[in-house]
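Participant: my questions are about this predicted structure, shown below with the sequence.
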Amino acid sequence: MHMSTKTDFVSATELAAQIRHGDLSPVDAVEECLERLKERNDRTNAFVTTLESEARERAKQAEKELHSGEPIGPLHGVPIAIKDLFDFKAGVPNTMGSKPFADFVPDFNATYVERLEEAGAIIVGKTNTPEMGHKGVTDNQLFGPTSTPFDLDRNAGGSSGGSAAAVADGIVPIAQGSDGGGSVRIPASFCHTVGFKASYGRVAQAIRPDAFGSHTPYIHAGPITRTVDDAALMLDVMCGPHPRDPMSTPDDDPEFQEAVTQGVDGLRIAYSPDLDCFAIDERVQSVARDAVYDFEEAGATVDEIEIGWGVTQEELAQLWLREIAVLNHSSAMGFAEMGIDILEDHREELSPEYRELLENTIDMSMRDHKRDEHRRAEIFDAVQDVFVEYDLLVTPTLSVPPVPNDNNDGGETLGPATVNGTEVERTIGWCLTHPINFTGHPAASVPGGLTDGGLPVGLQLIGDRYNDETVFAAAGALERIRPWHDSYPLQD
């Protein structure tokens, strides 16, 4: 029997409204959240750090601000979770799922974490991630695997798996994730939540020492929520340029929340069932096909297309592995300057697959890297060409439903070795998400439906560059056509 509270599975949008109107105290909202965290976290292993005393203090302050008549932010008093990767909160332990960082405590905030707190959100804890976010499942040597609430023997996906599990299990209404190859969208698919990756540059990241480090591949921070409205609200807060982020885009006053209700009447949708080259589990294909053709009920037209990019699933995966290695080498250099040299002093503490990722690319030449960037440009062109004729590109988010956890305490959970008899690269090769990190287009994973066995299947919605509103419009339409809010395992 699980504990039910009056804020159980209530959306962040509704919680914020109740708090603003005096129908709910921030203290009660946070207290109930902390009780759920204590009761439920053993189920999924979503949280690795709980900020109990700080959250309570912040809730009391939020209560005072309400009564003082001061202006309050759009997330005032709403409890949220933050990922334990590069999503720093000053003074809070941040392990990045990696043994060398078991005692690391940053002294500064990530840009978007600061914005969430400035909007009134109250951080109750940090959520589990694979070591340095390097794979599409959540498991590490420090904390072990995180499970999807839909089957506790199966993984929540990664690398924002803890955030997605916390939302799907009703502990928090919304959580922050980051996405360098699908790390918001993959766990959204495995946990039946909404995961939104905005157009590259919309969510500023003032990172150092490499201010340009978020472009190889494109790294995004974004919301993981149970409702499309909540994703729009949270992204609204996180978006906007920053003077210290040379890659952030100007503020064009996007209308995310308004877009959710716009509908898709007249929208031209391109459906790629496999991005030309991915092996897709039949259970996934069946659910995804039903979901995408439901858009026609809402007035859209759906055409099945081929991307025409002439790459194999293996080539895409290996390109991403090399690009993410470039990013990780850059991060390793930065941490070495701070006194944590993972390759020189902590090599044996790294998980074998993460160590291999770094070692395989340590001698990569500039010519090799530039050759990869040329291939990446071809992929960008192929995706962009879809939007000459269509408003939206839709695919399954992943090749498979949630994969089993490896419970050997070594952080060794991986994706499938084969899909429909086809060998796949186990880190990311089963994820139709990572090619869109080569291109920077806006993309979301929304719940498409459940398999006959009750496992979640996500639908990936990809929009034209800087046309995030169309992605929100389609996500909102699907939510109305195929509502999923009563499907969570602990939902009353």
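Facilitator: Cool, got the structure.
Participant: which stretches of the stretch 1-150 of the chain form strands?
Facilitator: With DSSP state E, counting those that start in this stretch as the criterion, the stretch 1-150 of the chain has strands at 47-50, 79-83, 122-127, 147-148.
Participant: looking at those, which is nearest to residue 181?
Facilitator: With CB to CB as the criterion, residue 181 lies closest to strand 79-83 of those, at 14.5 Å. (Each C-beta comes from the backbone N, C-alpha and C, glycine too.)
Participant: and the closest one, C-alpha only, in PDB?
Facilitator: Extracted as PDB, the C-alpha positions of strand 79-83 are listed here (Å, rounded to 0.1, in the frame of the first residue of the first chain):
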ATOM      1  CA  PRO A  79       9.100  20.900  -5.200                       C
ATOM      2  CA  ILE A  80      11.500  19.700  -8.000                       C
ATOM      3  CA  ALA A  81      14.400  17.400  -8.500                       C
ATOM      4  CA  ILE A  82      17.700  18.200 -10.200                       C
ATOM      5  CA  LYS A  83      20.000  15.800 -12.000                       C
END
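Participant: so which elements touch that strand?
Facilitator: helix 26-44, helix 111-118, strand 122-127, helix 161-168, strand 174-179 (3 or more CB pairs under 8 Å, 6 or more residues apart in numbering; DSSP states H and E).
Participant: can you tell me which of these is most buried?
Facilitator: Across the helices and strands packed on strand 79-83, averaging neighbours per residue (mean count of other CB atoms under 10 Å) puts helix 161-168 on top, at a mean of 36.
Participant: what's the angle between that one and strand 122-127?
Facilitator: 130 degrees (axes from the mean of the first three to the mean of the last three CA atoms, to 10 degrees).
Participant: tabulate the strands of the stretch 1-150 of the chain (CSV), appending distance to residue 235.
Facilitator: Shown next, in CSV, are the strands of the stretch 1-150 of the chain (distance: least, CB to CB, whole Å):
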stretch, distance to residue 235
strand 47-50, 23
strand 79-83, 13
strand 122-127, 17
strand 147-148, 23
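Participant: any chance of those in CSV, plus mean pLDDT and distance to residue 393?
Facilitator: CSV is the format used below for the strands of the stretch 1-150 of the chain (pLDDT from 0 to 100; distance: least, CB to CB, whole Å):
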stretch, mean pLDDT, distance to residue 393
strand 47-50, 98, 35
strand 79-83, 98, 27
strand 122-127, 98, 29
strand 147-148, 98, 26
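Participant: residue 322: which of those is closest?
Facilitator: For the strands of the stretch 1-150 of the chain, proximity to residue 322 was assessed by CB to CB; strand 79-83 is nearest, at 24.0 Å.
Participant: pretty sure residue 59 contacts residue 26?
Facilitator: Yes. Using CB atoms under 8 Å, residue 59 makes contact with residue 26 at a distance of 4.6 Å.
Participant: report the set of residues contacting both of these two.
Facilitator: With contacts taken as CB atoms under 8 Å, 6 or more residues apart in numbering, residue 59 and residue 26 have 77, 122 as neighbours in common.
Participant: and of the helices and strands packed on strand 79-83, who's closest to residue 458?
Facilitator: Minimum separation from residue 458 across those (CB to CB) falls at helix 161-168, 10.4 Å.
Participant: about what we covered before: nearest to residue 329, of the strands of the stretch 1-150 of the chain?
Facilitator: Of all these, strand 79-83 comes closest under CB to CB, at 21.5 Å.
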